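Asks: have a look at this prediction, sequence included:
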Amino acid sequence: MVHEEVEETAADIAEMEIRGAATIARAAADALRTQAHESEADSPEAFREELRAAARRLHETRPTAVSLPNALRYVLRGMEGDSVVDLRASVVETVEEFEAELDVAQENLGQVGANRLRDGDTVMTHCHSTDALSCVKAALEDGKEISAVVKETRPRKQGHITARQLREWGVDVTLVVDNAARRYLDDVDHVLVGADSIAADGSVVNKIGTSGLAVNARERGVPVMVAAQTLKLHPDTLTGHTVEIEMRDESEVLTESERADIAAGDDPEDPGLTVENPAFDVTPPRYVDAIVTERGQFPPESIVTLMRELYGGGTTEPWAKQE
Ligand SMILES: O=P(O)(O)OC[C@H]1O[C@H](OP(=O)(O)O)[C@H](O)[C@@H]1O
């Protein structure tokens, strides 16, 4: 019942072939459009159930970036009609509207973030965030000269994607290993990161290593800017839920031969050797200077106001119906 292209998108998200909170949201919306377009459902109820099944499949891929359930909810809430033809048209239209909003949001937040950057500033980045890069892009378009210290970001080295993008834009890049970050904080004017989820208390859930970077930046007096469109606001945290931190496979950290080298005795499976690979961490609001959204910039402690305004109606999980 779930279309094979939806299965492929889900697998790509789980394997991080498709990654980054905003990119995941767009891919999920695209997949729902494909499901709607290709559906052979012979009744409105069958069509609705197909879309919910596709959304469930996409939802179970990765747990931390709230942009994924927020995107699925947006599309499923736009599904309307009494016939398969009308339902299909409503899904296609809603996906188009959602994706157009994504583009505008990222562009608008980029301008807000750019306003915080002065000509000649250097930013330190962590991981790869399209929202964070949008701020740099807007600053460049405003004619400011910006340079960057780019953290490699173990274990998957997504800093390389950031470095490549910045070089394409002509930005001078200094690539450093994560452990060198504190040393280079003295040379930068801002720490600029993205977010996978923002909690109601203003905590920022982002790529593992963000919280240590933010604490060091505070100690060095370097402001921390989080670029996050409102799709990253985690509505469940309004009602006391926490954000699940994804634990990824040990193979991202250690090869089989490295494991065998470390393991005691002849058993590479050595039960006494554990590798932990959390993908994200939580930065408390006191270490964040500003959350930059398409609605303007917010001190983290006040983000709850925006969250209530946008998501205060509650969060149903339309994909969970009829399970
Ligand atoms: O939405 P944009 O700003 O592109 O990315 C937001 C965040 O998503 C990424 O997660 P992952 O690489 O999917 O684990 C990074 O943590 C990045 O900061």
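Replies: Great, that's in hand. Since the model is a prediction, treat every value here as computed from it, not as a measurement.
Asks: and the residue of the stretch 201-323 of the chain found nearest the ligand, bridged to which residues?
Replies: With C-beta to the nearest ligand atom as the measure, residue 207 is the residue of the stretch 201-323 of the chain nearest to the ligand, at 3.5 Å. In short, each C-beta sits where N, CA and C put it, glycine included. Per DSSP bridges, the residues bridged to residue 207 are residue 280.
Asks: what about it, how many residues nearby?
Replies: Residue 207 sits with 24 neighbouring residues when counted by other C-beta atoms under 10 Å.
Asks: one more: residue 77?
Replies: The number of residues packed around residue 77, counting by other C-beta under 10 Å, is 11.
Asks: got it, and the one 4 residues further on?
Replies: In terms of burial, residue 81 registers 15 neighbours under the definition other C-beta under 10 Å.
Asks: with the one 5 residues further on instead?
Replies: Here the number of neighbours of residue 86 (other C-beta under 10 Å) works out to 14.
Asks: residue contacts, it?
Replies: Listed by C-beta atoms under 8 Å, 6 or more residues apart in numbering, the contact set of residue 86 reads residue 80.
Asks: the same query, at a cut-off of 10 Å, please.
Replies: With contact set as C-beta atoms under 10 Å, 6 or more residues apart in numbering, residue 86 has these partners: 44, 47, 79, 80.
Asks: how about the nearest residue to the second one, chain neighbours excluded?
Replies: When the adjacent residues along the chain are set aside, residue 47 lies closest to residue 41, with 3.8 Å between them (C-beta to C-beta, 6 or more residues apart in numbering).
Asks: what's the burial count for the one you found?
Replies: Under the criterion other C-beta under 10 Å, the count of neighbours that residue 41 has is 18.
Asks: who touches it in this structure?
Replies: Contacts here follow C-beta under 10 Å, 6+ apart; on that basis residue 41 touches 1, 35, 47, 48, 49, 50, 51, 84, 87, 88.
Asks: could you tell me which of those residues belong to helices?
Replies: 35, 47, 48, 49, 50, 51, 84, 87, 88 (DSSP state H).
Asks: what's the farthest-apart pair in those residues?
Replies: In terms of C-beta to C-beta, the ones in helices among the contacts of residue 41 reach their longest pairwise distance at 49 and 88, which sit 14.0 Å apart.
Asks: and the two? which has more neighbours close in?
Replies: Applying other C-beta under 10 Å to residue 49 and residue 88 shows that residue 88 carries more neighbours, namely 21 against 15.
Asks: wait, the more buried one touches residue 48, no?
Replies: No: distance between residue 88 and residue 48: 11.1 Å, which falls outside the contact criterion (C-beta atoms under 10 Å).
Asks: between these two, what contacts are shared?
Replies: Taking C-beta under 10 Å, 6+ apart as the contact rule, residue 88 and residue 48 both touch 41, 79, 81.
Asks: ok, so of those, who is nearest residue 185?
Replies: Minimum distance to residue 185 across those is 47.8 Å, recorded for residue 79 (C-beta to C-beta).
Asks: residue 11 and residue 74: what is the separation?
Replies: When distances are taken as C-beta to C-beta, to the nearest Å, residue 11 and residue 74 turn out to be 23 Å apart.
Asks: mind checking which of those two has more residues around it?
Replies: Higher neighbour count among residue 11 and residue 74: residue 74, with 21 against 13, using other C-beta under 10 Å.
Asks: which ones are touching residue 111?
Replies: If you count contacts by C-beta under 10 Å, 6+ apart, residue 111 has them with 134, 135, 137, 138, 139, 141, 142, 292, 294.
Asks: what of residue 118?
Replies: Shown in contact with residue 118 (C-beta under 10 Å, 6+ apart): 139, 144, 145, 146, 189, 190.
Asks: which stretches of the stretch 201-323 of the chain have low pLDDT?
Replies: Filtered on pLDDT under 70, the stretch 201-323 of the chain yields the residue ranges 321-323.
Asks: run the last query once more with 50
Replies: Along the stretch 201-323 of the chain, segments meeting pLDDT under 50 span 323.
Asks: give me every residue in it lying close to the ligand.
Replies: For the stretch 201-323 of the chain, the contact set with the ligand under C-beta under 6 Å from any ligand atom comprises 206, 207, 279.
Asks: which residues touch the last one?
Replies: With contact set as C-beta under 10 Å, 6+ apart, residue 279 has these partners: 16, 19, 62-65, 127, 155-156, 196, 205-208, 245-248, 252.
Asks: which other helices and strands contact the strand or helix carrying residue 148?
Replies: In this structure, residue 148 is located in strand 147-151 according to DSSP states H and E. Other helices and strands packing on strand 147-151, by 3 or more C-beta pairs under 10 Å, 6 or more residues apart in numbering; DSSP states H and E, are strand 122-125, helix 130-141, helix 159-168, strand 172-176, helix 181-185, strand 190-193.
Asks: what angle separates that strand from strand 172-176?
Replies: Between the axis of strand 147-151 and that of strand 172-176 there is an angle of 20 degrees, by axes from the mean of the first three to the mean of the last three C-alpha atoms, to 10 degrees.
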